[in-house]
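Trainee: Here is a sequence together with a model predicted from it:
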Amino acid sequence: MAAHAPTHTPSSLQALHTLAGDGRTVVFCIHQPRSSIYDMFDQLLLLSEGRLCYAGPAAAAATHFAAAGHPCPPSHSVADFLLDITSVDFRSLEAEAASRARVKGLADLCAAQGAAADEVRQRWAWQRRFGWLPAGSRHAAELSG
């Protein structure tokens, strides 16, 4: 099921959450979720300026961004924090340039991590399919040890 901005009533969001809990895939687009809604997310795909900045468990997003040098301040809403660090700030030319650079850095990090994840998936696909890795694979020692 796909929905666009399904948060007009709390009951509609709760119904979607129940469907997802029953093993169905529910995908929806939401803009600026409040904390109580963000807390219901299992997985999060975070885009800024059309670039992917995070894809993974919603509960791990704050830890991910802290590891990237952007810790969520104590007692700050994670949902608000994610909006702050992935939004372009148009209050001044300097703020715009700095925020665009931050977003680019987050997107570049996400892309690099995605490439690394693809490599791991490919390694394990070879392992599962053939019970071995191609001769000379730089990962053969990692998987056998």
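Mentor: That came in fine, so what should we check first? Numbering: from 1, shown residues only.
Trainee: Please report how far residue 88 lies from residue 96.
Mentor: Remark: distance between residue 88 and residue 96 (CB to CB, to the nearest Å) = 6 Å. All C-beta spots, glycine's among them, are computed from the backbone N, C-alpha and C.
Trainee: which residue ranges form the helices in the chain?
Mentor: With DSSP state H as the definition, the chain shows helices at residue ranges 10-21, 35-38, 61-67, 78-86, 93-130, 140-144.
Trainee: worst-scoring helix or strand of the protein, pLDDT-wise?
Mentor: helix 140-144 (a mean of 44; mean pLDDT, DSSP states H and E).
Trainee: Show me the shaky parts of this structure.
Mentor: 1-10, 116-145 (pLDDT under 70).
Trainee: try it again with 80
Mentor: Applying pLDDT under 80 to the chain picks out residues 1-17, 19-34, 40, 115-145.
Trainee: How many residues are close by residue 89?
Mentor: The tally of other residues near residue 89 (other CB atoms under 10 Å) stands at 15.
Trainee: What about it? Give its phi and psi, please.
Mentor: Residue 89 adopts backbone torsions of phi -100, psi 110, taken as degrees, to the nearest 10.
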